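# give me a model of this one.
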Amino acid sequence: MTKIFPILITLLAMKANGEPIDYSKISEAKSARFDKVIVRYFRQYGEVCANLQTLDPGKNWQITSTKHVCSLEGKSFETEFADIHFQNIYFAGDGLHFTLSTTPFELIGEQIKNCIVPIKDGSIGQMACRYGGK
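Below is the predicted model of the structure:
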């Protein structure tokens, strides 16, 4: 299953989009071991998106898989929602779980979804969400 490790495993890491990570801007971070890889989740101040990476300790901590979680149902977190919050974030044996609170620009109010980003065989899958409750 998972075992928590420090997020700052390597100083040579890159964000999912290839830019160097500015560790002074990390606002939230978690990590866990999944079989032979380390998976880390992090967010940076001023960004609404989340980042996931797998690192292989057997390959000098090389980043082997990345995922930039920045959209839901084809809508960008950055431009198509009034507000986004990741809450109750934790790793389980099948991946990263969290509650996603979204407020669309339409006057329908806040929507709460329970989400998972599956992690299997060192690869990060696509986020899947279902409606939850407050």
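
# pLDDT wise, what is K36 at?
At K36, the model reports a pLDDT of 89.

# typo on my end, T66
The model's pLDDT for T66 equals 90.

# which strands or helices does the host helix or strand of it pack on?
If you go by DSSP states H and E, T66 is part of strand 62-69. Secondary-structure packing of strand 62-69 (3 or more C-beta pairs under 8 Å, 6 or more residues apart in numbering; DSSP states H and E): strand 50-56, strand 123-124. (C-beta placed from N, C-alpha, C; glycine too.)

# dump the ones you listed to JSON lines, plus mean neighbour count, distance to I21 and mean pLDDT.
Compiled in JSON lines, the helices and strands packed on strand 62-69 are given as follows (neighbours: other C-beta atoms under 10 Å; distance: least, C-beta to C-beta, whole Å; pLDDT from 0 to 100):
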{"stretch": "strand 50-56", "mean neighbour count": "21", "distance to I21": "8", "mean pLDDT": "94"}
{"stretch": "strand 123-124", "mean neighbour count": "18", "distance to I21": "17", "mean pLDDT": "92"}
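
# need these in TSV with distance to A32, can you?
Below are the helices and strands packed on strand 62-69 laid out as TSV (distance: least, C-beta to C-beta, whole Å):
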stretch	distance to A32
strand 50-56	11
strand 123-124	12
